[in-house]
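K.L.:
take a look and give me a structure for this.
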Amino acid sequence: MNGWLVIAPAAKTAVAAILLPAGVAKLGDRQGFVDVVRGFAILPDAAVPAFATGLPVAELLVGVALLSGVLFDWSLAAWAGLAAMCLFATFGIAIATNLVRGRTDISCGCFGRNSRRRLTWGLVGRVLCCLAICALTLPVVHQGATPSGDLKDRASAALIGAAAVAMIWLGRFVITAGSAGFSQSS
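P.N.:
All right, here's what the predicted structure looks like:
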């Protein structure tokens, strides 16, 4: 099996595993996310509600397109990674803009208003990592690979991507829980 037949679908699954729950969380608390977008102080106030509705819808559509691109050879889905790159670039620019302004006390809004994560340069680094993962999904990166692997190969690659995201989240949980316990014992 060509390596790109595993890497590209795994990357698509990993990015979709980030975008889909983020979009659902933001739509689940639409007014809360409007407040988050307003807190970034980048858009004119009149544009905030439309953006706060459109962004999670875009996250959901791109996430679904990425997952459909794992299972099917749809030309539209092949370029969903580019749309994901645009989303992550938007996130990175918004976060970096506020960091340069010295505004670190606002919620990143990654998973809606209830995101407790504040703005840091480390968060910008995570966005850049997501951009790199998105780049692995682009057809121009893996032109030599034939995307016609059978469904079993594609499902395996999707599971690898899901497992990679699960390992990262589990590692983050262990590190966070460990540092919390360390802080309490001090």
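K.L.:
for the helix or strand harbouring residue 57, name the packing helices and strands.
P.N.:
Under the criterion of DSSP states H and E, residue 57 resides in helix 48-71. Contacting helix 48-71 under the criterion 3 or more C-beta pairs under 8 Å, 6 or more residues apart in numbering; DSSP states H and E are the following elements: helix 4-28, helix 30-40, helix 75-78, helix 80-100, helix 151-185. Backbone N, C-alpha and C define where each C-beta goes, glycine included.
K.L.:
buried ones in that helix?
P.N.:
Using 16 or more other C-beta atoms under 10 Å as the test for burial, helix 48-71 gives 48-49, 51-53, 55-56, 58-60, 62-67, 69-70.
K.L.:
who are the contact partners of the nearest residue in space to residue 92 that is not next to it in sequence?
P.N.:
Distances taken as C-beta to C-beta, 6 or more residues apart in numbering put residue 127 closest to residue 92, at 4.0 Å, once the chain neighbours are dropped. Contacts for residue 127 were tallied using C-beta atoms under 8 Å, 6 or more residues apart in numbering; they are 88, 91-92, 95.
K.L.:
quick revisit: what's the least confident stretch among the helices and strands packed on helix 48-71?
P.N.:
Of all the helices and strands packed on helix 48-71, the minimum mean pLDDT falls on helix 151-185 (a mean of 58).
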